[in-house]
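Asks: Task: produce atomic coordinates for the following.
(one chain, ligands or ions: 1)
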Amino acid sequence: MDSEQLRENAHKMVDFIADYYKSIENFPVLSQVEPGYLRELLPDSAPNQPETLQNVLDDVQAKILPGVTHWQSPSYFAYYPSNSSVAGFLGEMLSAGINMVGFSWITSPAATELEMIVLDWLGKLLKLPEDFLSTGQGGGVIQGTASEAVLVVLLAARDRVLRKLGKNALEKLVVYASDQTHSALQKACQIGGIHPENCKLLKTDSSTNYALSPDLLSKAISDDISTGLVPFFLCATVGTTSSTAVDPLLSLGKIAKNNGIWFHVDAAYAGSACICPEYRCYIDGVEEADSFNMNAHKWFLTNFDCSALWVKDRNALIQSLSTNPEFLKNKASQANMVVDYKDWQIPLGRRFRSLKLWMVLRLYGLENLQCYIRNHINLAKYFEGLVAADSRFEVDRPCYVCLYVFLFYTPDWTSDLSNTYLFTDKTFLTRSSYSILFICNTFNFTKLADFC
Ligand code: PLP
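Replies: Below is the predicted model of the structure:
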């Protein structure tokens with residue numbers, strides 16, 4: 001790496017990115033290209049000779065950006081928030097700059113130690129029970145995604161029970177969650193070898209605002225035990241993907257505990273809100289959980305990817321995921337003096353992701369982060385009021401944080417809107433042939449206000 005060459009080119013790149021943000025509102029949010037568009041624009045093979053950065057940036061402008069769906073646009077309301085920030089961006093930059101691979105403590109002690117400290121900080125901001133902090137038997141780890149988080153804890157829970165019952169019990173193991181649970185759980189079950197019929201997604205409905213019913217769970221567990229099955233894993237969600245439903249953690253957790261079931265809480269999206277005391281109640285009952293996950297890359301100003309996972313028993317993860325080949329052995333690991341995060345995750349290699357979360361926490365501070373969350377929620381409430389007061393719309397489900405579900409009665413509007421605004425879903429509902437369901441993340445709002 002030639003540092004002067006880096007300085008010159010990196011300045012150009014930062015200018016390019018800053019200009020992109022300056023003009024981001026001019027792009028259609030949803031990319032307008034057809035499938036395969038890029039193959040027609042780029043050569044068939046890599047160049048033999050080096051090209052200039054300017055040439056590449058010209059191509060990015062002309063050929064790549066048209067194929068980008070602009071998640072950072074203020075007109076973007078789809079799926080879930082994925083807010084970047086200056087602090088998150090700088091942290092990414094620093095991580096790319098240092099470019100170490102921190103799988104074991106010895107491969108870069110600061111990477112492991114900062115990750116432990118920053119996740120303790122964030123755990124304290126969320127008022128997680130002390131058992132989740134690194135000072136005890138538990139601790140936090142940054143995974144790439146919530147999908148990886150639920151996979152690793154499911155594997156830990158599976159192996160914990162198989163150590164007791166023997167490997168043949170695998171086909172009897174049962175997982176529970178609501179039918180609103182993210183498909184990440186289903187994927188984890190597939191990878192974990194759980195029999196497809198034993199991944200039980202219990203029915204929810206509007207009577208519980210789409211939250212998992214503890215009674216239904218208790219009954220399912222008793223029925224399964226009576227037929228010789230082995231309940232071993234429960235996944236509750238705080239802020240489901242389609243309507244931000246909040247499962248009742250306390251009651252579910254007690255049922256899990258009474259039945260020796262690993263209790264995982266997926267707060268991938270809504271977890272960020274819990275840094276505000278007035279929204280902390282969404283995770284009341286997390287004390288009963290064995291693991292808890294929230295995506296800092298969703299609504300916590302930390303650039304993708306940064307999914308924070310806490311466990312109460314780090315040994316459960318390590319027993320399931322650890323390998324110890326000769327080439328990785330070192331004094332600190334052998335003496336059991338350090339955390340080696342390679343044993344808490346699927347891959348070996350890992351990036352210095354805690355830097356960006358550290359930057360976010362330090363450059364903004366708790367008060368500003370709380371203000372940011374409150375502002376989004378207030379905007380969403382304001383929007384809810386506008387929708388409720390307008391006869392063209394019908395409020396479909398209560399808005400807990402910023403995800404908003406409403407019905408829309410004038411289909412003519414949809415073609416206009418789809419060019420400017422990207423919504424998650426446009427589903428024709430059976431109960432009214434002309435109504436259209438919009439699920440929309442009002443976290444950004446600047447443009448959403450325009451069409452009300
Ligand atoms: N869980 C919930 C509640 C989600 O909303 C999502 C994503 O939308 C996920 C899990 C999956 O997240 P990831 O892409 O980090 O795996």
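Asks: Look through the stretch 301-450 of the chain and state the residue closest to the ligand.
Replies: Ser307 (5.3 Å; Cβ to the nearest ligand atom). Every C-beta, even on glycine, is put in place using the N, C-alpha and C of the backbone.
Asks: quick one, what contacts that residue?
Replies: Applying Cβ atoms under 8 Å, 6 or more residues apart in numbering to Ser307 gives the contacts 142-146, 148-149, 268, 293-297.
Asks: what are the phi and psi values for it?
Replies: With angles defined as degrees, to the nearest 10, Ser307 sits at phi -110, psi 120.
Asks: What's the local residue count around Ser75?
Replies: Look at Ser75: counted by other Cβ atoms under 10 Å, it has 20 neighbours.
Asks: do the same with Pro214
Replies: Close neighbours of Pro214, defined as other Cβ under 10 Å, add up to 17.
Asks: Give the closest residue to it in space, chain neighbours not counted.
Replies: In space, and not counting its chain neighbours, Pro214 is closest to Ser251: 4.0 Å by Cβ to Cβ, 6 or more residues apart in numbering.
Asks: And for Lys200?
Replies: Counting by Cβ to Cβ, 6+ apart, Lys200 lies nearest to Tyr176, which is 5.2 Å off, once chain neighbours are set aside.
Asks: Look at that neighbour and tell me its secondary structure.
Replies: In three-state terms, and counting by DSSP: H, G, I helix; E, B strand; the rest coil, Tyr176 is strand.
Asks: can I assume it is in contact with Val230?
Replies: No. Using Cβ atoms under 8 Å, Tyr176 makes no contact with Val230, being 11.9 Å away.
Asks: Between the two, tell me which one has more neighbours.
Replies: Set Tyr176 next to Val230 and count neighbours by other Cβ under 10 Å: Tyr176 wins out with 29 against 20.
Asks: Let me know the pLDDT of that one.
Replies: Looking at Tyr176, its pLDDT reads 98.
Asks: and if you look at Val29?
Replies: 85.
Asks: what mean pLDDT would you report for stretch 213-221?
Replies: Here the average pLDDT along stretch 213-221 is 98.
Asks: For it, which residues meet the burial criterion?
Replies: Neighbour-count burial for stretch 213-221 flags 213-214, 217-218, 220-221 (criterion: 16 or more other Cβ atoms under 10 Å).
Asks: Next to the ligand, which bits of the stretch 301-450 of the chain? Give me the list.
Replies: Neighbours of the ligand within the stretch 301-450 of the chain, by Cβ under 6 Å from any ligand atom: Ser307.
Asks: Kindly apply the preceding question to the stretch 101-250 of the chain instead.
Replies: Contact residues, the stretch 101-250 of the chain versus the ligand (Cβ under 6 Å from any ligand atom): 145-147, 182, 184, 237, 239-241.
Asks: And those, which two are furthest apart?
Replies: Thr145 and Thr240 (16.7 Å; Cβ to Cβ).
Asks: between those two, who's got more neighbours?
Replies: The neighbour count for Thr145 versus Thr240, taken as other Cβ under 10 Å, is higher for Thr240 (27 against 17).
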